[in-house]
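K.L.:
my questions are about this predicted structure, shown below with the sequence.
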Amino acid sequence: MSETDLRTTPLHDRHLAAGAKMAPFAGFEMPIQYSGILDEHRAVREAAGLFDVSHMGEFRLTGPDALALAQRLVTNDVSRLDDGKALYAVLCHDAGGAVDDLLVYRLAHDDVMLVVNASNIEKDWAHVTAVAERAGLDVELTDESADTALLALQGPRAFEIFEAATGLDVSDIGSYRFVRPAPGDVFGAQRAVVSTTGYTGEAGLEIYLENEAAGRAWDALLEAGAERGLVPAGLGARDTLRLEAGFSLYGHELTDDTTPYEANLGWVVKPDAGDFVGRDALVQQKADGVPRRIVGLVVEGRGLPREGYPIVDEGGAEVGVVTSGSQSPALGAGVALGFVPNEPAYTAPGTRLGVSVRGRVLPATVTKPPFHRAS
């Protein structure tokens, strides 16, 4: 895709005005950093950062069978959702591989929102519509991705800043819950969802609203946070933050050829919840034994682990591969996620392995993520 074909978010002009370094990502021109990845990372850990993640996709399922279709689609148990609650899950194909990971929001008994990764919007939409057609359920599907902006306000002062900007206190609604303010009450938005979710390992909010209200929301939050340590943050810091938190990234820890069990996401697979797509294959894999698993690694010495670098045992034999890696500002060391054989000799915390970096091996210790816990 050429630069002229890239899509932009409703906040594109504000990113340029703020001097953001822009780059292609998932078909969009997105801000990678403003003041610098390290500065933005630390701001989120110590105060707050504001991210434009309007490139993400939003699908609506409406009608009497909305919940039934959601359960048919995802690995987690949708029946435990009340109105105003969300959960994390995986979309699988029939063989159990991950089509995507996503959030499921129960807006009402007949209204569900799925939030999917930007790089997978078209693929996910094809999958969701195909499953819906096969299931023959009474539900209407709408792709609202192009009409929806999404801001992520993340960090220990996020709730304080949001309340200063809106007068709305949502600090006590609980994790993975959301509110739907009345039209006009939040940044003049006619339709808004304010959710206690995020991708940084810190407390925070994700704010869904129509495109027309995105600029007002961005400006008001930055103004309210100006004396509270808030900074605009790009996708570079978002990636280092999620890696420190040990969160999977689609295309890295999860792919069409990776099952949730292999990606260490067995906790979102609920075979008793219903006959979701991929259930039988996942039940069989668990019974047969999961062949490989994602582990965390903390690396010693100079040099950074990167995606695709070999993971080796103490004898130097290649046993796995890094799926994500970077410097951890919190630890001052390189950290990585990667696949190794699902055997205690490779997965037990404290196990000594190595990462091969351009011909030399950096010693590494298997460490159970997260590498850093929230402030």
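P.N.:
Structure's in. What do you need? Predicted model, so just to flag it, every value in this text is computed and none were measured.
K.L.:
how many other residues sit next to L230?
P.N.:
For L230, the neighbour count with other C-beta atoms under 10 Å is 27. C-betas here are computed from N, CA, C, even on glycine.
K.L.:
not counting sequence-adjacent ones, nearest residue to it?
P.N.:
A48 (4.5 Å; C-beta to C-beta, 6 or more residues apart in numbering).
K.L.:
these two touch, right, that neighbour and R157?
P.N.:
Yes. A48 sits in contact with R157 when judged by C-beta atoms under 8 Å, with a separation of 4.7 Å.
K.L.:
anything in contact with each of the two?
P.N.:
The contact sets of A48 and R157 overlap at G225, R228, G229, L230 (C-beta atoms under 8 Å, 6 or more residues apart in numbering).
K.L.:
any idea how far the residue nearest to L230 lies from L243?
P.N.:
Using C-beta to C-beta, to the nearest Å, A48 is found at 19 Å from L243.
K.L.:
and the two? Which one has more around it.
P.N.:
A count of neighbours by other C-beta under 10 Å puts A48 above the other of A48 and L243, at 28 against 25.
K.L.:
can you list phi and psi of that one for me?
P.N.:
Backbone torsions for A48, taken as degrees, to the nearest 10, come to phi -170, psi 150.
K.L.:
in the chain, which residue sits furthest out from the middle?
P.N.:
Here the chain reaches farthest from its C-alpha mean at G315, the gap being 35.5 Å by C-alpha atoms, centre = their mean.
K.L.:
show the pLDDT at that one.
P.N.:
pLDDT, G315: 94.
K.L.:
my guess is E202 contacts A43. True?
P.N.:
No. Counting by C-beta under 8 Å, E202 sits too far from A43 to count as a contact (10.5 Å).
K.L.:
overlap in contacts of these two?
P.N.:
G155.
K.L.:
residues near A317, how many?
P.N.:
A317 has 8 neighbouring residues, counting by other C-beta under 10 Å.
K.L.:
likewise for G289?
P.N.:
Using other C-beta under 10 Å, G289 is surrounded by 9 other residues.
K.L.:
ok, it touching N342?
P.N.:
Yes. G289 lies in contact with N342 (C-beta under 8 Å); the separation is 7.2 Å.
K.L.:
ok, back up a step: so how far is G303 from the residue farthest from the centre of the chain?
P.N.:
Applying C-beta to C-beta to G315 and G303 gives a distance of 20 Å.
K.L.:
for the strand or helix carrying L50, name the packing helices and strands.
P.N.:
If you go by DSSP states H and E, L50 is part of strand 48-52. On a contact count with 3 or more C-beta pairs under 8 Å, 6 or more residues apart in numbering; DSSP states H and E, strand 48-52 meets strand 148-154, helix 211-225, strand 230-233, helix 235-245.
K.L.:
ok, which of these comes nearest T365?
P.N.:
Of all the helices and strands packed on strand 48-52, it is helix 235-245 that lies closest to T365, at 15.8 Å by C-beta to C-beta.
K.L.:
quick one: contacts of that closest one?
P.N.:
Contacts of helix 235-245 with the rest of the structure, by C-beta under 8 Å, 6+ apart, involve 25, 30-33, 37, 40-41, 44-45, 49, 51, 53, 152, 154, 199-202, 249, 324-331, 335, 337, 369-372.
K.L.:
give me the subset of those residues lying in strands.
P.N.:
Residues of the contacts of helix 235-245 located in strands (DSSP state E): 25, 30-33, 49, 51, 152, 154, 324-328, 335, 337.
K.L.:
wait, which of those residues is closest to A68?
P.N.:
A152 (30.1 Å).
K.L.:
which residues pair with the closest one across the strands?
P.N.:
F51, E206 (DSSP bridges).
K.L.:
what's the distance between it and R242?
P.N.:
Distance of A152 to R242, given as C-beta to C-beta: 11 Å.
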